[in-house]
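1. what follows is a predicted structure for the sequence shown.
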Amino acid sequence: MSFLHYLNTYSGRVFVISTQNNTAETMIECIVNAKNRIMRFIEKNEAPFIASIYRNGSLKKHEMKNRE
C-alpha cells in the first residue's frame, strides 16, 4: 500500500517543513512562526491533507493525486 492510501484511509494531516539546510533551531522557528496559521489551516481544511510550512510561517496545501 502507498503512503497516499494510508493518508486517505486514516484521514491524515501532514505538515512538511520546507526549508533547506534545516537545523533543529530553524525547524522550531518555522513551526513557531506558523503556529496560528497551522491552527486555522486545520480548522478550515478537511483531512486528509499535506501542507508545507515555510520559514516565514506561510503554508501551502498540496494537491493529492492517488496513483493507485
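-> Yep, that arrived.
2. ok, residue 5 - how many residues close by?
-> 12 (other C-beta atoms under 10 Å). Placement of C-beta: from N, CA and C, glycine included.
3. quickly note the distance from it to residue 64.
-> 11 Å (C-beta to C-beta, to the nearest Å).
4. also residue 56?
-> When residue 56 is compared with residue 64 (using C-beta to C-beta), they lie 24 Å apart.
5. when those two are compared, which one has more neighbours?
-> residue 64 (14 against 10).
6. quick one: the more buried one and residue 46 touch, right?
-> No. Counting by C-beta atoms under 8 Å, residue 46 is not a contact partner of residue 64; they are 12.0 Å apart.
7. wait, is residue 46 part of a strand?
-> No. If the criterion is DSSP: H, G, I helix; E, B strand; the rest coil, then residue 46 is coil and not within a strand.
8. got phi/psi on it?
-> Phi and psi for residue 46, reported as degrees, to the nearest 10, are phi -70, psi 140.
9. got it, and residue 24?
-> According to degrees, to the nearest 10, residue 24 has phi -60, psi -40.
10. repeat that for residue 51.
-> Dihedral angles (degrees, to the nearest 10) for residue 51: phi -140, psi 150.
11. ok, now residue 3?
-> Per degrees, to the nearest 10, the backbone of residue 3 is at phi -60, psi -40.
12. and for residue 23?
-> phi -110, psi 170.
13. which helix or strand lies directly C-terminal to the worst-scoring helix or strand of the chain on mean pLDDT?
-> Using mean pLDDT, DSSP states H and E, the weakest-scoring helix or strand in the chain turns out to be helix 3-9, at a mean of 86. Scanning forward in sequence from helix 3-9 by DSSP states H and E, the next helix or strand is strand 13-17.
14. so what does that next one touch, helix or strand wise?
-> helix 24-44, strand 49-53 (3 or more C-beta pairs under 8 Å, 6 or more residues apart in numbering; DSSP states H and E).
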